[in-house]
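Student: Pasted the sequence and its predicted model underneath.
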Amino acid sequence: MAFLLALLLAAAPDVSGTYTIETSKPLKVKKGATASAHVEVVPRSDAHVSPDAPISLTVTSGPALKVAKAKLGRPEAKETKAKGVEFDVPFTARTSGKDELRASLSFFICTEKICERQKRDLALQVEVE
């Protein structure tokens, strides 16, 4: 019983309530056009995305889209006024139809007491006309 209690106490704190992730609404893009999807981490007022820790956004797409860069990192991340971070994800619409950009976002969210790594998977819908 003491071992189980120690495991529970040692578990990383849940900081998922200290931020939200906002993404582009479903996008409509003309075939052959270049566009950008938007991903933003919006921290609560008592939290921030660590400006010093690693951050990455790995992006893949289906056959209708071509991602300009599969992995975005600190150089592509822009800090926001709310102490969050945002990415613009450029892509080209190759063929007509519905598709999606799939992304894996990894970052550190911090408060006055803790700094915890977060990893979130996202899907952004795109319709190519």
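Tutor: Perfect, thanks for sending it.
Student: Now name the helix or strand holding the most centrally placed residue in the chain.
Tutor: Centroid check for the chain by CA atoms, centre = their mean gives residue 105 as the closest residue, at 3.9 Å. Per DSSP states H and E: residue 105 is located in strand 97-110.
Student: what inclination does the next helix or strand after that strand have with respect to strand 97-110?
Tutor: As assigned by DSSP H and E, the chain's next helix or strand after strand 97-110 is strand 115-128. Here strand 115-128 points in a direction 170 degrees away from that of strand 97-110 (axes from the mean of the first three to the mean of the last three CA atoms, to 10 degrees).
Student: Pull out the buried positions in strand 115-128.
Tutor: Within strand 115-128, the residues that count as buried by 16 or more other CB atoms under 10 Å are 116, 118, 122, 124, 126, 128. Placement of C-beta: from N, CA and C, glycine included.
Student: helices and strands around the strand holding residue 105, which ones?
Tutor: In terms of contacts (3 or more CB pairs under 8 Å, 6 or more residues apart in numbering; DSSP states H and E), strand 97-110 is packed against strand 34-43, strand 48-49, strand 56-61, strand 65-67, strand 85-93, strand 115-128.
Student: Turn the buried residues of strand 115-128 into JSON lines, columns for pLDDT and distance to residue 68.
Tutor: Shown next, in JSON lines, are these (pLDDT from 0 to 100; distance: CB to CB, whole Å):
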{"residue": "116", "pLDDT": "94", "distance to residue 68": "30"}
{"residue": "118", "pLDDT": "96", "distance to residue 68": "25"}
{"residue": "122", "pLDDT": "96", "distance to residue 68": "17"}
{"residue": "124", "pLDDT": "94", "distance to residue 68": "14"}
{"residue": "126", "pLDDT": "96", "distance to residue 68": "14"}
{"residue": "128", "pLDDT": "95", "distance to residue 68": "16"}
